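Participant: 3D, please:
(one chain, ligands or ions: 2)
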Amino acid sequence: MRFSKAYIPTTKEAPTGAVLPSHIFLARAGFVSQVAAGLYNFLPLGKRVLKKIERVINEEMERAGAQEVDLSFVTPAELWEESGRIHKFGKELLRFHDRKENLFVLGPTHEEMMVNIVRNRVTSYKQLPLNLYQIKTKFRDEARPRFGLMRGREFVMKDGYSFHATTEDMDREFDAMEAAYKRILERLGLEFRIVEADSGAIGGSGSKELMVIADSGEDTLAVCDRCEYGANIEAARRGARRDVPKAPEAAFSRFKTPGVKSIADLAEFFHVDPYYTLKAVAKRAIYEDRDEIVLFFLRGCDDLQEVKAVNAVGALDIVDVGEEELTAKGFVPGFIGPMELEGARCVFDTALQGATHMICGANESDYHLVGFEMGMLEAAAFAELYEAKEGDACPCCDGTLTYTKGIEVGHIFKLGTVYSAPLKAEFLNEQGKSEPFVMGTYGMGVSRLVAAVIEQSHDESGCIWTKATAPYLVNVVVSNVKEAEQLEAGEKLYAELQQAGVEVILDDRKERFGFKMKDAELIGFPYTVIVGKELQNGMVQIVERTTLERTDVKIDALLATLMEMIG
Ligand code: ATP
Ligand code: MG
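Facilitator: Ligands and ions are numbered 1, 2, ... in the order given. Here you go, the predicted structure:
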């Protein structure tokens with residue numbers, strides 16, 4: 001491609017309100033242009049990057065035996081009624097009527113559609129397993145579309161769905177997809193981590209996320225400093241505590257604790273480690289048709305992980321409850337404890353199983369109970385509620401957990417029969433009995449990946465593409481196109497590189513050299529070859545985008561040198 005003919009509208013203007021480097025640079029370098037909140041046009045350079053990522057995905061899917069399909073974007077709402085998700089999905093699901101008043105939705109994900117494709121067509125275990133995928137536009141009317149391609153309303157997703165006769169076979173495919181996703185991200189040249197994840201609204205058991213490591217990532221990951229263990233903070237576990245503090249010895253009794261409301265005050269008042277205090281966190285759990293107050297109990301040293309809490313009570317969401325409301329309902333904020341407590345559902349963190357020597361609220365203003373033991377309660381519902389912290393023990397080895405930030409670029413789920421059962425998608429097993437398909441689902445954010453590459457690698461001047469994602473690998477800059485020799489040498493190199501199969505762009509614009517180099521850095525081609533004054537000595541220069549290092553090369557040796565660098 002010749003720069004002089006290309007449509008690459010670079011600009012100095014950053015989009016208003018943009019904070020993320022990928023948002024700023026992809027717009028400034030002419031990869032994308034914004035149409036409206038969360039809606040983007042891909043311009044030629046952006047489309048090239050997108051296609052490169054898609055190609056790697058397609059190759060790895062082909063290798064893994066998955067088959068590409070292309071499903072209708074506009075989806076009949078009945079399918080969403082059948083699965084029951086139309087009520088759960090909320091406002092992110094864009095619904096509309098056609099001229100005949102039929103209700104449709106714009107596909108935010110395609111489980112229902114994909115199940116519908118195989119139902120009544122795949123009827124025997126002999127036709128299984130099957131893995132179908134597509135690379136397709138999705139629409140989610142996100143509440144806060146921001147961060148450019150990172151969180152669009154319209155975006156491109158690779159979504160795959162597999163169908164199996166048994167759970168074992170689904171587990172096998174899940175592992176194969178994890179391996180394929182790993183290869184995709186490796187080929188794209190990204191630093192990433194595969195972590196355990198929460199299964200969210202889509203449901204099912206067992207899920208993993210593929211996280212591109214970047215400071216700007218919206219997700220916090222707890223990762224082990226020694227082994228492969230990593231988890232989204234929403235699902236992170238920890239090993240047994242190594243330094244359990246000394247227990248305070250006290251017989252069970254009621255103690256006056258005037259004004260001692262917080263865990264910190266309580267620990268100080270009794271000179272105990274917060275580990276031996278009981279924290280009560282009151283929340284309102286929101287369900288489809290109702291809401292209720294739930295009290296979550298944890299050790300004082302732990303914090304409530306809200307996603308775990310939502311899952312523990314099967315709610316759509318949990319929100320804070322004000323002290324006034326709690327008081328009006330008969331609770332005593334600051335002194336809430338589990339003994340003789342009425343009027344709310346209680347859930348205890350698993351770290352409290354068998355806990356003794358505890359101090360907890362007495363459900364009476366200015367009083368606490370000491371020497372409380374979990375065994376004193378007639379019944380208690382336990383669930384994992386704690387948030388794993390930096391410094392906690394790894395649940396898998398004797399390493400320690402640390403936090404890092406990640407961008408979710410992929411999510412793979414073991415779905416089981418959560419869609420096939422309600423949608424009555426069944427097959428006949430070996431015994432001739434009808435059973436719902438066992439399913440897996442595998443999503444990858446293709447347009448988000450474009451942004452993730454830049455979040456992971458950029459500098460103050462612009463984008464730094466990996467070799468596999470760069471719109472062009474080499475940019476040949478003719479310093480001054482009015483110099484016939486320079487232009488001629490540039491043209492020759494351009495032709496040679498093209499012949500060698502290198503994706504190359506020739507900057508033959510009648511612009512100043514400095515301006516062209518600024519564009520080169522902003523766009524982020526991995527290699528820029530400068531054909532300039534040194535040509536008279538038979539020399540050109542290679543600039544590597546990652547380091548901005550310059551290497552002088554004899555023009556005759558350019559191709560060989562570049563090929564070696566490219567590897
Ligand atoms: P997030 O937690 O970031 O909202 P999600 O968990 O809702 O994502 P999934 O339903 O798992 O997303 O979708 C699969 C993949 O699609 C995600 O891993 C992500 O890479 C991508 N994706 C999801 N929402 C968006 C969006 N609004 N813009 C761009 N990519 C998205
Ligand atoms: Mg997800």
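Participant: could you list every residue that touches residue 138?
Facilitator: 107, 108, 109, 154, 155, 156, 157, 159 (C-beta atoms under 8 Å, 6 or more residues apart in numbering). Any C-beta I mention is one placed from the backbone N, CA and C, and that applies to glycine too.
Participant: Now it: closest residue in space, sequence neighbours ignored.
Facilitator: residue 157 (4.7 Å; C-beta to C-beta, 6 or more residues apart in numbering).
Participant: neighbours of that neighbour, just the number please.
Facilitator: Neighbours of residue 157 under the rule other C-beta atoms under 10 Å: 23.
Participant: what are the phi and psi values for it?
Facilitator: Note on residue 157: its backbone torsions stand at phi -130, psi 140 [degrees, to the nearest 10].
Participant: Run a quick check on it versus residue 446, I expect a contact.
Facilitator: Yes. With contact defined as C-beta atoms under 8 Å, residue 157 counts as touching residue 446 (6.2 Å).
Participant: what do these two both touch?
Facilitator: residue 135.
Participant: and the two most separated of the contacts of residue 138?
Facilitator: Farthest pair in the contacts of residue 138 (C-beta to C-beta) is 154 and 159. Separation: 14.6 Å.
Participant: which SSE is residue 495 in?
Facilitator: Per DSSP states H and E: residue 495 is located in helix 484-499.
Participant: residues in contact with the closest residue to ligand 1 within the stretch 151-300 of the chain?
Facilitator: Ligand 1 sits closest to residue 155 of the stretch 151-300 of the chain, with a gap of 3.5 Å, by C-beta to the nearest ligand atom. Residue 155 is in contact with 137, 138, 140, 149, 445, 446, 447, 448, counting by C-beta under 8 Å, 6+ apart.
Participant: Just the C-alphas of stretch 224-243, formatted as CSV.
Facilitator: What follows is stretch 224-243 as a C-alpha-only set of coordinates in CSV (Å, rounded to 0.1, in the frame of the first residue of the first chain):
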residue,chain,number,x,y,z
CYS,A,224,0.2,-17.2,42.6
ASP,A,225,3.8,-16.1,42.7
ARG,A,226,4.9,-19.7,42.4
CYS,A,227,2.4,-21.9,40.4
GLU,A,228,-0.1,-21.4,37.5
TYR,A,229,-3.0,-20.6,39.9
GLY,A,230,-4.8,-17.4,39.0
ALA,A,231,-8.4,-16.3,39.5
ASN,A,232,-10.6,-13.4,38.9
ILE,A,233,-11.0,-11.7,42.3
GLU,A,234,-14.7,-12.5,41.9
ALA,A,235,-13.9,-16.2,42.2
ALA,A,236,-10.4,-16.3,43.8
ARG,A,237,-9.8,-18.8,46.6
ARG,A,238,-7.0,-19.0,49.1
GLY,A,239,-5.2,-21.7,51.0
ALA,A,240,-5.4,-22.2,54.8
ARG,A,241,-4.1,-19.3,56.8
ARG,A,242,-0.4,-20.0,57.8
ASP,A,243,-0.2,-17.6,60.8
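Participant: Please list the residues of the stretch 1-150 of the chain that sit near ligand 1.
Facilitator: Within the stretch 1-150 of the chain, the residues that sit near ligand 1 (C-beta under 6 Å from any ligand atom) are 109, 140, 142.
Participant: pLDDT at the last one, what is it?
Facilitator: Read it as residue 142. Looking at residue 142, its pLDDT reads 90.
Participant: Dump stretch 37-45 to PDB, restricted to CA.
Facilitator: This file holds the C-alpha atoms of stretch 37-45, laid out as PDB (Å, rounded to 0.1, in the frame of the first residue of the first chain):
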ATOM      1  CA  ALA A  37     -21.600   6.200  22.300                       C
ATOM      2  CA  GLY A  38     -20.200   2.700  22.100                       C
ATOM      3  CA  LEU A  39     -20.500   2.500  18.300                       C
ATOM      4  CA  TYR A  40     -17.400   2.500  16.100                       C
ATOM      5  CA  ASN A  41     -16.500   2.400  12.400                       C
ATOM      6  CA  PHE A  42     -13.400   0.400  11.500                       C
ATOM      7  CA  LEU A  43     -11.300   2.300   9.000                       C
ATOM      8  CA  PRO A  44      -8.800   0.500   6.700                       C
ATOM      9  CA  LEU A  45      -6.000   0.100   9.200                       C
END
